[in-house]
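Asks: Structure, please.
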Amino acid sequence: MPGKINGALQFDGDDDQITLTDVLPIGSSSNTVAVWVKIPLETTAGLAANERVGLVLGNYPDTPNSNWELHGAGQTRLYWNGGEFNSYGTTDLRDDIWHHVAWVRDKTANACYTYINGRLEATHPDAGADITFVTTHCIGGDNRPDPLNFHGLMDDFQIYSRALSHVEIAWLAGRTKPFDKPF
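Replies: Predicted structure coming up:
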């Protein structure tokens, strides 16, 4: 499937997900999850009105857990450590246009940030407790028996074991100059 950068992964919201083969070593460090997404318009391509778009990356309900997601109104969500915090953005991304989304957990600043297209979307004033993941995450879903599978396209999925700066996020979204490689 043609994508934003290269070929995209297409998720139908029903049963598509990719289970990672290794446990992510990012729960006790700052981290960044970044991806290009293209979400269908509400009530098209199997995405019902007010239906959660689905998980970009998750391992819920395992303990400890985290989910990086697009929620029911098409807005970003970061769910950390069994609900220790549950941070939402406000922008509806269900518009059938490519958007760059990045979630940053910054332990030094003790905050979490969400960016859309290189611009700050939401700030949560707590980075949450450090956790050591013991189960694998899934791209496009999570570990529930009936996961919240993703609707739409994903391209250039990246996970960093550090908090990227706003300048680096802007570069990933195509707004400035390059920097180092992902985790």
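Asks: When you work out contacts or count neighbours from here on, use the C-alpha atoms and nothing else.
Replies: OK.
Asks: where do the strands sit along the chain?
Replies: 9-12, 18-19, 31-38, 54-58, 66-70, 76-80, 85-88, 98-106, 111-116, 119-124, 138-139, 151-160 (DSSP state E).
Asks: Can you name every helix or strand that the longest one contacts?
Replies: Which is strand 151-160. strand 9-12, strand 31-38 (3 or more C-alpha pairs under 8 Å, 6 or more residues apart in numbering; DSSP states H and E).
Asks: most packed of those strands?
Replies: With neighbours taken as mean count of other C-alpha atoms under 10 Å, the helices and strands packed on strand 151-160 reach their highest mean count in strand 31-38, at a mean of 24.
Asks: Next, the angle from that strand to strand 54-58.
Replies: Angle between the axes of strand 31-38 and strand 54-58 is 150 degrees (criterion: axes from the mean of the first three to the mean of the last three C-alpha atoms, to 10 degrees).
Asks: Distance to Val167 added to the strands of the chain, as TSV?
Replies: Output for the strands of the chain, formatted as TSV (distance: least, C-alpha to C-alpha, whole Å):
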stretch	distance to Val167
strand 9-12	27
strand 18-19	30
strand 31-38	13
strand 54-58	23
strand 66-70	21
strand 76-80	20
strand 85-88	22
strand 98-106	12
strand 111-116	11
strand 119-124	10
strand 138-139	26
strand 151-160	15
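Asks: could I get the ones you listed as JSON lines with distance to Ala48 and mean pLDDT?
Replies: Formatted as JSON lines, the strands of the chain follow (distance: least, C-alpha to C-alpha, whole Å; pLDDT from 0 to 100):
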{"stretch": "strand 9-12", "distance to Ala48": "12", "mean pLDDT": "95"}
{"stretch": "strand 18-19", "distance to Ala48": "23", "mean pLDDT": "96"}
{"stretch": "strand 31-38", "distance to Ala48": "16", "mean pLDDT": "98"}
{"stretch": "strand 54-58", "distance to Ala48": "12", "mean pLDDT": "97"}
{"stretch": "strand 66-70", "distance to Ala48": "14", "mean pLDDT": "97"}
{"stretch": "strand 76-80", "distance to Ala48": "17", "mean pLDDT": "97"}
{"stretch": "strand 85-88", "distance to Ala48": "20", "mean pLDDT": "96"}
{"stretch": "strand 98-106", "distance to Ala48": "20", "mean pLDDT": "98"}
{"stretch": "strand 111-116", "distance to Ala48": "23", "mean pLDDT": "98"}
{"stretch": "strand 119-124", "distance to Ala48": "25", "mean pLDDT": "97"}
{"stretch": "strand 138-139", "distance to Ala48": "21", "mean pLDDT": "98"}
{"stretch": "strand 151-160", "distance to Ala48": "10", "mean pLDDT": "97"}
